[in-house]
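1. Pasted the sequence and its predicted model underneath.
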Amino acid sequence: MALPAHETGKVRSGDVELFYRKFGRPGAPDAVPVLIVHGLSYFSYDWIPVASRLAEAGREVVAMDMRGFGDSTWSPSEAYGAGDFADDIVAVMDALGWEKIHLMGHSMGGRNSTWCAATHPDRIETLILCDYSPQNAPAGSQRVTRTVAGVPDVFPTVDDALGYFGKPRTLAADDPYRKRMEAYLKPVEGGFIIKRDPWHRARFRAVLEGKGGGGGPDMWAKLGEVQCPTLVIRGTRSDMFAAENVERVKGANPNIFLVEIDAGHDLSGDAPDALIAETNRFLGGRK
């Protein structure tokens, strides 16, 4: 099945060039656009179906590739702090002429979106966090660490990449997940690499070797600083957002409204209908 048609563009931000996909057309003069920020093991391609359907409500919707991911370039200076990602969000807004947005972030994109909302309160109308909590559940954290750290330098074939990520190597040529994997891979000498700066893999390898994983910004504090209305959507089967963190997230900021849907960590892939319904319900009474 063909993916929804959309425009693409690029924006300069610091030492990187950011790639984005844009859906819909400007709605009413006061219709605030939506900007979607993907997670660590995802990219804008994964949000095409959801972004397209959100645009049906009469808004412009953009899904961007974070620096070092997808079709955005890698940072030569390895500038991958939450503040760098937040600045990129603002750079995309400025390039599109958007004064304010509804900012939607999944997983690591939720972290970066939280930072942006806290540090640029005048630019963010609402914040939507998709299966993001400032504290990852141990099981999911270990899964992600092993998976990212273990990615080989080169996958000889697309089939090898499918197998590594737990999918059948025999998927048909028109299978949606094979198409997704082909979009996630970049041809290089000897095969393919995934479209993610190996800097991230090195960080997770350091964690496995006991040389990293400590420190980092206090995201609980940053979540508490967010001033705009905030929707948190948790997948009830998520291995990243533990059920025991629900009350702590709700208590972190009086602006938070939390809902749960029947999904794993990948909300847009597991339960797009429920994700879209909750998002539209939240935005329905707003610009």
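-> In hand now; what should we look at?
2. measure V154 to P198 for me?
-> V154 sits 11 Å away from P198, taking Cβ to Cβ, to the nearest Å as the criterion. Placement of C-beta: from N, CA and C, glycine included.
3. Pull the residues that contact stretch 258-269.
-> 42, 46-47, 49-50, 106-107, 130-131, 140, 231-241, 246, 249-250, 270-271, 274-275, 278 (Cβ atoms under 8 Å, 6 or more residues apart in numbering).
4. Can I get that stretch in PDB? Just the C-alpha atoms.
-> The C-alpha coordinates for stretch 258-269 follow below in PDB (Å, rounded to 0.1, in the frame of the first residue of the first chain):
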ATOM      1  CA  LEU A 258      -2.400  11.100  31.400                       C
ATOM      2  CA  VAL A 259      -4.200   8.400  29.500                       C
ATOM      3  CA  GLU A 260      -3.400   4.800  28.700                       C
ATOM      4  CA  ILE A 261      -4.000   2.800  25.500                       C
ATOM      5  CA  ASP A 262      -3.600  -0.800  24.600                       C
ATOM      6  CA  ALA A 263      -0.100  -0.700  23.000                       C
ATOM      7  CA  GLY A 264       3.500  -1.500  23.600                       C
ATOM      8  CA  HIS A 265       6.200   1.200  23.400                       C
ATOM      9  CA  ASP A 266       5.700   1.900  19.700                       C
ATOM     10  CA  LEU A 267       2.400   3.700  20.000                       C
ATOM     11  CA  SER A 268       2.200   4.800  16.400                       C
ATOM     12  CA  GLY A 269       2.900   1.300  15.100                       C
END
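5. buried sites along it?
-> Neighbour-count burial for stretch 258-269 flags 260-261, 263-269 (criterion: 16 or more other Cβ atoms under 10 Å).
6. What are the boundaries of the strands in the chain?
-> Remark: strands assigned in the chain by DSSP state E are 7-13, 16-23, 34-37, 61-64, 101-106, 124-130, 185-188, 191-194, 230-235, 256-261.
7. Mind putting the buried residues of stretch 258-269 into TSV with distance to H6 and pLDDT?
-> Formatted as TSV, the buried residues of stretch 258-269 follow (distance: Cβ to Cβ, whole Å; pLDDT from 0 to 100):
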residue	distance to H6	pLDDT
E260	30	98
I261	25	98
A263	24	98
G264	26	98
H265	25	98
D266	21	97
L267	20	98
S268	15	97
G269	18	96
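8. quick one: which of the residues you listed sit in helices?
-> Under the assignment DSSP state H, the buried residues of stretch 258-269 contribute 267-269 to helices.
9. Count the neighbours of F155 for me.
-> The number of residues packed near F155 is 22, by other Cβ atoms under 10 Å.
10. ok, now which ones touch it?
-> Here F155 is in contact with 161, 164, 185, 191-194 (criterion: Cβ under 8 Å, 6+ apart).
11. export the residues you listed to CSV and tack on distance to D30, pLDDT and neighbour count?
-> Putting these into CSV (distance: Cβ to Cβ, whole Å; pLDDT from 0 to 100; neighbours: other Cβ atoms under 10 Å) gives the following:
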residue, distance to D30, pLDDT, neighbour count
A161, 44, 98, 24
Y164, 47, 97, 16
L185, 41, 98, 17
G191, 50, 98, 16
F192, 45, 98, 19
I193, 44, 98, 18
I194, 40, 97, 23
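12. nearest to A172, of the residues you listed?
-> Closest to A172 out of these is A161 (15.8 Å), distances taken as Cβ to Cβ.
13. That closest one touches L185, doesn't it?
-> Yes. Using Cβ atoms under 8 Å, A161 is in contact with L185, at 6.0 Å.
14. Now do the shared contacts for these two.
-> Jointly contacting A161 and L185 under the rule Cβ under 8 Å, 6+ apart are 155, 192, 194.
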